[in-house]
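**Q** Have a look at this fold, sequence not included:
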Ligand code: DSN
């Protein structure tokens, strides 16, 4: 039986209270962190199911434990769903999250200290596990980063020239802060030309791909990784897809026994539920609404004079250079907006000022998956842009003295927060769209 908050409250009131507080916080906020979402009640039920009690190192039919009747069936079913939804012939559903999934792929195809990765630089929208020097991926392998051009977009000709020169073992695309469509066909062709494995990390856009709101990496990319909790709206986990049997076998070995022990079967059950949900017409509608909402939010911000990187978005997220827009550092903007009930994150942006540093960036990043899941539409986006504009207008620019408040008018800030909370509280906790 799935535990209820009531029974949890009797057994562990402290944890129950924290869970309830977090749930309430999420529902009274406008949540714009593009890597976050709201998992459905069905996904959450699967996460709390009896499968959490089971061990089972290995793969279906090849385990080191007894009692595998149902988790073998479960894992096989979830693998089949992943393959069907994304069109790839092989899938691994055991990686615990995106970072271990990417590490598994690299370690399947390159020995430590014996390979070259070419991937997007972190400050232009890449991921830590795409070769940042603070990640083992940047310490164990030779990294050759590419970036955006002066228009904040990828230049596929420049990437091809760099790949021809570098001859990487793995060519990575897929990003955490890139608002434009990824040309998987071009990346796949470049990788083939230079003899590299092509890897698409579609963690951010997996839900858009599944819902037909972004082109698919199939059949262009050799290997695809994605987390399941972002636009895909499932549990915190990851899936690895591959095109060739030899790749799939190497990846399975890299995941287990290479990097992990027992799979998290309750999480795998929840992946299965989110994949079934993502195959519905209602999910397609949600995926297209996510993009429509992001475009509408970008347009409303541009109208208010904000500098939106690349001029807009094709996907679920957008980047705003708040230093260019409002002479504010990104971190101060993000902290201020949290105080008025709007959650997003400070983020580096390409073509920034010379003041930009990873922990002191010029930008903020926002996205529309969570607000779309709660039922917001393009008609609501101008209101969110207005809240952001009003919130940032109350924040002082320039250097603050030690202990100085960032606010020009704390009463106006509190009024705005009340308005934001009333607005956000008016939407459903989770809306299964009508198909
Ligand atoms: N970097 C995280 C994000 O995009 O928020 C995901 O790992």
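**A** Arrived safely. This is a predicted model, so every value here is computed, not measured. Numbers count the residues shown, from 1 in each chain.
**Q** all helices of the stretch 1-150 of the chain, in order?
**A** Assigned by DSSP state H, counting those that start in this stretch, the helices in the stretch 1-150 of the chain fall at 5-11, 13-28, 41-47, 69-86, 98-109, 136-140.
**Q** nearest to residue 197, of those?
**A** Smallest distance to residue 197 across the helices of the stretch 1-150 of the chain (Cβ to Cβ): 5.4 Å, for helix 98-109. C-beta coordinates here come from the backbone N, C-alpha and C atoms, glycine included.
**Q** quick one: buried residues of the closest one?
**A** By 16 or more other Cβ atoms under 10 Å, the buried positions in helix 98-109 come out as 98, 99, 100, 101, 102, 103, 104, 105, 106, 107, 108, 109.
**Q** now stretch 350-357
**A** 350, 351, 352, 356.
**Q** Which of those residues sits closest to the ligand?
**A** residue 350 (16.0 Å; Cβ to the nearest ligand atom).
**Q** show me where pLDDT drops low in the protein?
**A** Along the chain, the parts satisfying pLDDT under 70 run over 1-6, 433-435.
**Q** distance of residue 348 from residue 363?
**A** Distance, residue 348 to residue 363, by Cβ to Cβ, to the nearest Å: 6 Å.
**Q** For the closest residue to residue 49 other than its chain neighbours, identify the helix or strand it belongs to.
**A** Nearest non-adjacent residue to residue 49, counting by Cβ to Cβ, 6 or more residues apart in numbering: residue 266, 5.4 Å away. Using DSSP states H and E, residue 266 sits within helix 265-278.
**Q** Kindly calculate the angle that that helix makes with helix 69-86.
**A** Going by axes from the mean of the first three to the mean of the last three Cα atoms, to 10 degrees, helix 265-278 is angled at 40 degrees with respect to helix 69-86.
**Q** Give the next helix or strand downstream of helix 265-278.
**A** helix 281-303.
**Q** and for residue 348 and residue 363, which residues touch both?
**A** Common neighbours of residue 348 and residue 363, counting by Cβ atoms under 8 Å, 6 or more residues apart in numbering, are residue 330.
**Q** Please identify which of those two sits among more neighbours.
**A** Using other Cβ atoms under 10 Å as the criterion, residue 348 and residue 363 rank with residue 363 on top: 28 against 22.
**Q** where's the nearest residue to the more buried one once chain neighbours are set aside relative to residue 358, distance?
**A** Among residues not flanking residue 363 along the chain, residue 349 sits closest, at 3.5 Å (Cβ to Cβ, 6+ apart). Taking Cβ to Cβ as the measure, residue 349 falls 12 Å from residue 358.
**Q** same thing with residue 233?
**A** From residue 233 to residue 358 the distance is 29 Å (Cβ to Cβ).
**Q** who's more crowded, those two?
**A** Relative neighbour count places residue 233 above the other of residue 233 and residue 358, with 27 against 12, counting by other Cβ under 10 Å.
**Q** phi, psi of that one?
**A** phi 70, psi 30 (degrees, to the nearest 10).
**Q** Would you agree it is in contact with residue 278?
**A** Yes. Between residue 233 and residue 278 there is a contact at 7.4 Å, judged by Cβ atoms under 8 Å.
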